[in-house]
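In: sequence below, structure please.
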Amino acid sequence: MTSSSRSLLFLLACLCWVPVTAGAGERPARIVIDPGHGGLKEGAKGPGALREKEVALQIAHRLRSKLEAAGGEVYLTRERDALVSLTERVEMTNDHGADLFISIHANSMPTPRMRARTEGVETYFLSASASGEAALAVADRENSEAPMSRAARGDSTLALILDDLVRTEAHSDSSRLAYAIHPRLVSRTRATDRGVQQAPFFVLSGVECPAVLVEVGYISHPEEGLKLGRGDYQEKLAEAISEGVLAFLKDTRRRDAARPAQVAGSQTP
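Out: Just a heads-up that it's a prediction; the model follows:
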């Protein structure tokens, strides 16, 4: 290869590498990944000794590697098998000044018949009202570690917060993030598409940035549960989520760059 060819290849490589940034020409995007459950809170049970907390943590580590390789500044709410409360996860995310929050979970069904026939991926963003009874059941299960149960809260305080949140840009961006990730999950894994859903998840309610909760599959399903424990399948899941995050950030940079600059004092008194 000639020196001119090597120079051309180096230039093309530089042009193709696009760092993950929070905005055009700004710092790297700060992304918090939340592996669900941990410690005594094992989450859903899979085949044999496989537990949701282990699958979530393994996928979180794989996802972090991919996002850091793309230039992101990535934090995990837990690095190991440890008990971290939902409140601590929310506070940690906001303290980091996160640009994105991704909570990773595995789903399950309660009865042998339902476990045998229910599989697939779901991606959630926050809403005061669940998409349906199934979405509400998932939220109730994942909210079981919240400071108070949904019934005990009476939903009134959360509903007020969420009513206001509906009007915020973070809520709109959470929806965009969910729709950026979900089709890539389905395409990469060929899992059953259970759609983008909305539900009142506690861990999403206090986060001050676009936030989604990904149910990567039904760990209770005899075949999908085994897949979730395999490294090659976890790589597909992490790759799909990473691609969705990068697409979301690229779209957000394009949107923000097109906005007119805010001028101090330009508003009518």
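In: so for the strand or helix carrying A247, what gets flagged as buried?
Out: In this assignment (DSSP states H and E), A247 forms part of helix 231-258. Using 16 or more other Cβ atoms under 10 Å as the test for burial, helix 231-258 gives 233-249, 252-253. Bear in mind the C-beta positions are built from the backbone N, C-alpha and C, glycine included.
In: what helices or strands is it leaning on?
Out: For helix 231-258, the contact count by 3 or more Cβ pairs under 8 Å, 6 or more residues apart in numbering; DSSP states H and E identifies helix 52-69, strand 100-107, helix 169-189, strand 211-218 as packing neighbours.
In: between the last one and helix 231-258, how big is the angle?
Out: For strand 211-218 against helix 231-258, the angle between stretch directions is 160 degrees (axes from the mean of the first three to the mean of the last three Cα atoms, to 10 degrees).
In: next helix or strand past strand 211-218?
Out: Using DSSP H and E, the helix or strand that directly follows strand 211-218 along the chain is helix 222-228.
In: show me what counts as buried in that following helix.
Out: By neighbour count with 16+ other Cβ under 10 Å, helix 222-228 contains the buried residues 224-225, 227-228.
In: put the alpha carbons of that helix into CSV.
Out: Extracted as CSV, the C-alpha positions of helix 222-228 are listed here (Å, rounded to 0.1, in the frame of the first residue of the first chain):
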residue,chain,number,x,y,z
PRO,A,222,-38.2,-22.1,28.9
GLU,A,223,-36.4,-21.2,25.6
GLU,A,224,-36.1,-17.4,25.9
GLY,A,225,-34.9,-17.8,29.5
LEU,A,226,-32.0,-20.0,28.3
LYS,A,227,-31.1,-17.4,25.6
LEU,A,228,-30.9,-14.6,28.1
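In: run the chain-centre distance for that helix.
Out: When distances are taken as Cα atoms, centre = their mean, to the nearest Å, helix 222-228 is centred 21 Å away from the chain's centroid.
In: can you check stretch 170-189 too?
Out: Worked out by Cα atoms, centre = their mean, stretch 170-189 lies 9 Å from the chain centre.
In: ok, stretch 237-244 next?
Out: For stretch 237-244, the distance to the chain centre is 10 Å (Cα atoms, centre = their mean).
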